[in-house]
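Participant: Take this sequence and fold it.
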Amino acid sequence: MSDIDVSFVMTVYNKEYYLPSVLKALLNQSGVKNPEYIFVDDVSSDHSVDIIREATKGLPNVQIVVNEKNQGISRNTNKAIALAHGEYIRLLDSDDIFPIDSTEILLDLAKSNNADMVYGCFTKTGEEPQELTNLKTGDFTYKYYPDALYGVLHNRFTRMGQLIKTSVLKAANGADERVFIQDESLPLRVAIKANGAIKMSANVVLVPKEIGNFSGNKVQLDNDRFMAYYFAITDHIYDIAKDKLALMNKRAVSAYWKMIKKTHKLPYLHWGFAKYLQAKLCKPQPNLSVLKKMYDEFIGLKGIRR
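Facilitator: Residues are numbered from 1 along each chain as shown. The predicted structure follows:
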């Protein structure tokens, strides 16, 4: 059995501006006895890989995978998860910075509450990454959900930086490779398999000044949010309680409505508005034919990464 307590998993694509600070905070995480570091580079054209190699030179338990062709965030995340040997995995984006005590806190909460997944919050600081490398988590509260899926559906479990038991993350088959950005799909998939989830109030991820990421494409975010819930519903419609299916349907329809508002000149005359009101006010069970119609419209959008 491996004695690695936490495997840190990072996918990388052209993040040389952030990586020196990201790695400094990562390598200085407190409370981790025997960490593992797994990096998957998606054919960066800058010096990202060189920076990682230099920062981790001489450290044990380091794996750096360099793709020969672009594979996207979700596939690369799963490639890294498959290589992990730790009891827990902590995922991070290559432009996010961890408070230096955050992993210790997440790990303590997971073990003391026997929770398979622990999430905190994130904050967009707007600051230079170099200004964030020595910050700590600060005071916080937390809530434990014995029903992990209930917890995910009643809170915002988004952004990277979560701590998840490796066996559970692998049982969930990691990120959904049908969804380009995994922030929404991954906690949903894990929660279906998890025994207990924790949501804490503190920021465990600090977002520096942002330069050229996918969060600027709001329709992409709508697409990925819809796809996360669409596939979770269609994959598990016979496995999940009806109250949770209704909430998942509500989120899927809401993501579709947000897309309609951005892409149609007269959105309130679109049939999607009525479906949105129905999902919000009545919380019906998923209508697979309606969701498939929404899915087909998303698939037809131009400029969406898949």
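
Participant: now L107: how far from S30?
Facilitator: 10 Å (CB to CB, to the nearest Å). The C-beta positions use only the backbone N, C-alpha and C, and glycine is treated the same way.

Participant: So for these two, which sits in the more crowded spot?
Facilitator: L107 (21 against 12; other CB atoms under 10 Å).

Participant: quick one: contacts for the more buried one?
Facilitator: Shown in contact with L107 (CB atoms under 8 Å, 6 or more residues apart in numbering): D5, V6, G31, V32, Y88, L163.

Participant: Give the phi and psi angles for it, as a check.
Facilitator: Here the main-chain torsion angles of L107 (degrees, to the nearest 10) amount to phi -70, psi -40.

Participant: Please report the distance of it from Y88.
Facilitator: Counting by CB to CB - L107 and Y88 are separated by 7 Å.

Participant: Overlap in contacts, the two.
Facilitator: Here L107 and Y88 share the contacting residues D5, V6, L163, scored by CB under 8 Å, 6+ apart.

Participant: How about K262, nearest residue that isn't a chain neighbour?
Facilitator: V219 (5.6 Å; CB to CB, 6 or more residues apart in numbering).

Participant: Pull the contacting residues for that neighbour.
Facilitator: Listed by CB under 8 Å, 6+ apart, the contact set of V219 reads M259, K262, T263, L301, G303, I304.

Participant: nearest to T123, of those?
Facilitator: Closest approach between the contacts of V219 and T123, by CB to CB: K262, at 25.1 Å.

Participant: Kindly indicate whether that closest one is helix, strand or coil.
Facilitator: Three-state call for K262 (DSSP: H, G, I helix; E, B strand; the rest coil): helix.

Participant: start the count at 50, not 1, going forward
Facilitator: From this message on, residue numbering opens at 50, which makes the last subject K311.

Participant: Can you classify the closest residue to P148 other than its chain neighbours by secondary structure?
Facilitator: Spatial nearest neighbour of P148, excluding adjacent residues (CB to CB, 6+ apart): T186 at 4.5 Å. When states are read from three-state DSSP, the local structure at T186 comes out as coil.

Participant: From what I see, T186 and V254 are in contact.
Facilitator: No: applying CB atoms under 8 Å as the test, T186 and V254 come out as separate, 10.5 Å apart.

Participant: Need the residues touching each of these two.
Facilitator: Common neighbours of T186 and V254, counting by CB under 8 Å, 6+ apart, are S151, G169.

Participant: Endpoints of stretch 208-219, how far apart?
Facilitator: For stretch 208-219, the first-to-last residue distance is 19 Å (CA to CA, to the nearest Å).

Participant: Touching, S143 and S70? I think so.
Facilitator: No: at 10.8 Å, S143 does not count as touching S70 under the criterion of CB under 8 Å.

Participant: Skipping adjacent residues, who's closest to the most centrally placed residue in the chain in space?
Facilitator: For the chain, the residue sitting closest to the mean C-alpha position, by CA atoms, centre = their mean, is D232 at 2.8 Å. What sits nearest to D232 in space, not counting adjacent residues and going by CB to CB, 6+ apart, is T207, at 4.9 Å.

Participant: what's the pLDDT at that neighbour?
Facilitator: Here, the pLDDT recorded for T207 equals 71.

Participant: before we move on, what about G261?
Facilitator: Looking at G261, the pLDDT reads 62.

Participant: returning to what we had before: out of the contacts of L156, which end up buried?
Facilitator: Among the contacts of L156, those classed as buried by 16 or more other CB atoms under 10 Å are D54, V55, V81, Y137, L212.

Participant: Okay, and which of those residues map to strands?
Facilitator: Among the buried ones among the contacts of L156, the subset assigned to strands under DSSP state E consists of V55, Y137, L212.

Participant: Check the spacing between the second one and K291 real quick.
Facilitator: When distance is defined by CB to CB, Y137 is 32 Å away from K291.

Participant: where do the helices sit along the stretch 100-249 of the chain?
Facilitator: Ranges of helices in the stretch 100-249 of the chain, per DSSP state H, counting those that start in this stretch, are 122-132, 151-162, 197-202, 215-220, 234-242.

Participant: In the second one, which residues are buried?
Facilitator: Buried positions in helix 151-162, judged by neighbour count with 16+ other CB under 10 Å: S151, T152, E153, I154, L155, L156, L158, A159, N162.

Participant: which one in this structure is furthest away from the centre?
Facilitator: The chain, CA atoms, centre = their mean, max distance from centroid: L318 (33.9 Å).

Participant: Where do the domain boundaries of the chain fall?
Facilitator: 55-263, 266-348 (automatic domain parsing).

Participant: Tell me which of these is the most buried.
Facilitator: Mean neighbour count (mean count of other CB atoms under 10 Å) peaks for domain 55-263 among the domains of the chain, with a mean of 19.

Participant: And that one, how far out from the chain middle?
Facilitator: 8 Å (CA atoms, centre = their mean, to the nearest Å).
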